[in-house]
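Chemist: How does the following fold in three dimensions:
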Amino acid sequence: MENVFKIYVYEEGEAPIFHDGPCRSIYSTEGRFIHEIEKGSRFRTKDPEEAHVYFMPFSVVAMVRYLYEPDSFDMNPIGNTLADYVHTIAHNHPFWNRSLGADHFMLSCHDWGPHSSSYVPLMYNNSIRVLCNANTSEGFNPLKDVTLPEINLKTGELTGLLGGPPPQERSVLAFFAGGLHGHIRHLLLDRWEGNDTDVQVYQKLPTNLNYETMLRNSRFCLCPSGYEVASPRVVEAIYAECVPVLVSSSYVPPFSDVLNWKKFSVVVDVDDIPKIKEILMGISEAKYLKLQRGVREVQRHFVVNETPKRFDLFHMILHSVWLRRLNLKLRRSV
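Modeler: Okay, here's the model as predicted:
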């Protein structure tokens, strides 16, 4: 991939809706990727004829900020903007019509990314959609779409995020702190909040506790879905070298086409939330050590670097796009 993969970035559109995106907050992976590809990496080509894929550099986060009227529940301005944009690139270039959008990709970490793409049926059905909200019950197709990890860069700072004490110094069995977003968290908090010293679950973390310290002092970090399937806690756990416990429905974990999540995470069915302690206590020390070692081994694949390095988040995203492009057979017009 590194030697041959080429990406053409459409130049149509103006910032802040196009060619720009947030580099801090819960949507940081959207902005970081757009900024990095716009800088001009080794994968970018200015010659569209030699490109393997075509990137549409719009930011759904920016569209929500600048086009959506708060509390209107009207997504038409966003969807119509996307439809107009695709119409423009299809009119200006031959590549969209040639493949019906199948060798094009979009990237969005906003919850509305999947629905926004539905305003362009060919994008929704054919294009490679790189999405944080990777929900198969809402149309995410792992054969052509890519799961984008959700990373909450609260300040934009990229250093000092990794590491934690060794397993023998982690005194908390399982930890979660977060708001009542969605029915899965309601179930988790109803059962475990304030009820157990081993499974420490909080809607609001007490003032005498520090969130990052709790992650680093826990053996397992609970990662329940909120209103949507993605959760920044998955990557927060990996950064803290805490074994993530995925509690979700219809979620496709990031890079699962190349990473074996069974080797560094635990999956708990929503129906088994009352059994979380039993399940985690049933994991032998030897197996836990293997899981925790697996977390440390995959950690580099979720790291955001100011200048991308091999095997980091930027390269993993491109690798997933590359894999889906390899599976695509295009008919060239004669």
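
Chemist: Next, the closest residue to residue 198 other than its chain neighbours: secondary structure please.
Modeler: Distances taken as Cβ to Cβ, 6 or more residues apart in numbering place residue 173 nearest to residue 198, at 4.0 Å, with adjacent residues excluded. The way it works is simple: take the backbone N, C-alpha and C, and place the C-beta from them, glycine included. Recorded secondary structure, residue 173: strand (DSSP: H, G, I helix; E, B strand; the rest coil).

Chemist: got a list of what residue 173 touches?
Modeler: The contact partners of residue 173, by Cβ atoms under 8 Å, 6 or more residues apart in numbering, come to 198-199, 218-220, 277, 280-281.

Chemist: repeat for residue 267
Modeler: 245-246, 261.

Chemist: could you dump those residues to TSV with distance to residue 45, neighbour count and pLDDT?
Modeler: As requested, the contacts of residue 267 are exported to TSV (distance: Cβ to Cβ, whole Å; neighbours: other Cβ atoms under 10 Å; pLDDT from 0 to 100):
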residue	distance to residue 45	neighbour count	pLDDT
245	42	24	98
246	37	21	98
261	33	17	98
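
Chemist: Dump those residues into CSV; add distance to residue 183 and secondary structure as well.
Modeler: Formatted as CSV, the contacts of residue 267 follow (distance: Cβ to Cβ, whole Å; DSSP: H, G, I helix; E, B strand; the rest coil):
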residue, distance to residue 183, secondary structure
245, 18, strand
246, 16, strand
261, 23, helix
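
Chemist: Residue 93: which of these is nearest?
Modeler: residue 261 (38.0 Å; Cβ to Cβ).

Chemist: And residue 261, how close does it get to residue 225?
Modeler: 15 Å (Cβ to Cβ, to the nearest Å).

Chemist: what's the answer for residue 26, then?
Modeler: 14 Å.

Chemist: With residue 27 instead?
Modeler: In terms of Cβ to Cβ, residue 27 sits 17 Å off from residue 225.

Chemist: So which of the two has more stuff around it?
Modeler: residue 27 (27 against 22; other Cβ atoms under 10 Å).

Chemist: ok now do the more buried one, which residues does it touch?
Modeler: 21, 61, 109-110.

Chemist: One more pass at 6 Å, please.
Modeler: 61, 109 (Cβ atoms under 6 Å, 6 or more residues apart in numbering).

Chemist: Any stretches of the chain with poor pLDDT?
Modeler: Residue ranges of the chain with pLDDT under 70: 330-334.

Chemist: Walking through the protein, point out its strands one by one.
Modeler: 7-9, 53-55, 104-108, 128-131, 146-147, 172-177, 199-202, 218-224, 243-247, 266-267 (DSSP state E).

Chemist: okay, those, which one's buried deepest?
Modeler: strand 128-131 (a mean of 27; mean count of other Cβ atoms under 10 Å).

Chemist: Listing partners with orientation, what would you give for that strand?
Modeler: Sheet pairing of strand 128-131 (DSSP bridges) gives strand 104-108 (parallel), strand 146-147 (parallel).

Chemist: In contact with the residue nearest the centre of the chain: list those residues for me.
Modeler: Note on the chain: the residue nearest the mean C-alpha position is residue 149, at 2.2 Å, using Cα atoms, centre = their mean. Residue 149 makes contact with 235, 254, 302, according to Cβ under 6 Å, 6+ apart.

Chemist: can I see the domain layout of this structure?
Modeler: Here the domain parsing of the chain from automatic domain parsing is 7-154+305-326, 167-302.

Chemist: need the contact list for residue 158.
Modeler: 304, 306.

Chemist: ok, 7 Å please
Modeler: 304-306 (Cβ atoms under 7 Å, 6 or more residues apart in numbering).

Chemist: Please tabulate those in CSV, including the columns distance to residue 285 and neighbour count.
Modeler: Formatted as CSV, these follow (distance: Cβ to Cβ, whole Å; neighbours: other Cβ atoms under 10 Å):
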residue, distance to residue 285, neighbour count
304, 33, 21
305, 34, 14
306, 38, 9
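
Chemist: so which of the residues you listed comes closest to residue 38?
Modeler: residue 306 (14.6 Å).
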